[in-house]
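Trainee: Return atomic coordinates for the entry below.
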Amino acid sequence: MPRPRKDGVNLNLKIDKQIYDDLNDFSTYSGQTKTFIVEKALKEYMTKYERMKDMLKDDND
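Mentor: Sure thing, here's the model as predicted:
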């Protein structure tokens with residue numbers, strides 16, 4: 001049974017060729033889709049950014 005389609009949008013962007021090659025290799029090695037890897041990396045980056053922003057705000061209070 002196929003997995004249900006997720007509610008998503010397409011994102012078209014240009015990235016450095018070496019980063020794409022690394023992403024492609026990692027996807028092949030891990031068995032994870034490039035979409036999954038990029039979504040997870042973006043979520044982690046944004047979470048860390050928000051935490052850092054909160055820490056800096058707390059230091060200034």
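Trainee: packing partners for the helix ranked longest in the chain?
Mentor: Scanning the chain for the longest helix, with DSSP state H as the assignment, gives helix 34-60. If you count contacts as 3 or more CB pairs under 8 Å, 6 or more residues apart in numbering; DSSP states H and E, helix 34-60 packs onto helix 17-30. For the C-beta atoms, the positions are set from N, CA and C on the backbone; glycine is no exception.
Trainee: Run the angle between the helix it packs on and helix 34-60 for me.
Mentor: 110 degrees (axes from the mean of the first three to the mean of the last three CA atoms, to 10 degrees).
Trainee: How far does helix 17-30 sit from its chain's centre?
Mentor: Distance of helix 17-30 from its chain centroid, counting by CA atoms, centre = their mean, to the nearest Å, is 13 Å.
Trainee: Extract the C-alpha set from it and format it as PDB.
Mentor: Taking C-alpha atoms only, helix 17-30 is exported to PDB below (Å, rounded to 0.1, in the frame of the first residue of the first chain):
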ATOM      1  CA  LYS A  17      26.900  21.400  -7.100                       C
ATOM      2  CA  GLN A  18      29.100  19.900  -4.300                       C
ATOM      3  CA  ILE A  19      26.300  20.300  -1.800                       C
ATOM      4  CA  TYR A  20      23.900  18.600  -4.200                       C
ATOM      5  CA  ASP A  21      26.300  15.800  -4.800                       C
ATOM      6  CA  ASP A  22      26.800  15.300  -1.100                       C
ATOM      7  CA  LEU A  23      23.000  15.300  -0.600                       C
ATOM      8  CA  ASN A  24      22.500  12.800  -3.400                       C
ATOM      9  CA  ASP A  25      25.200  10.500  -2.000                       C
ATOM     10  CA  PHE A  26      23.800  10.800   1.500                       C
ATOM     11  CA  SER A  27      20.300  10.000   0.200                       C
ATOM     12  CA  THR A  28      21.500   6.900  -1.600                       C
ATOM     13  CA  TYR A  29      23.600   5.700   1.400                       C
ATOM     14  CA  SER A  30      20.900   6.300   4.000                       C
END
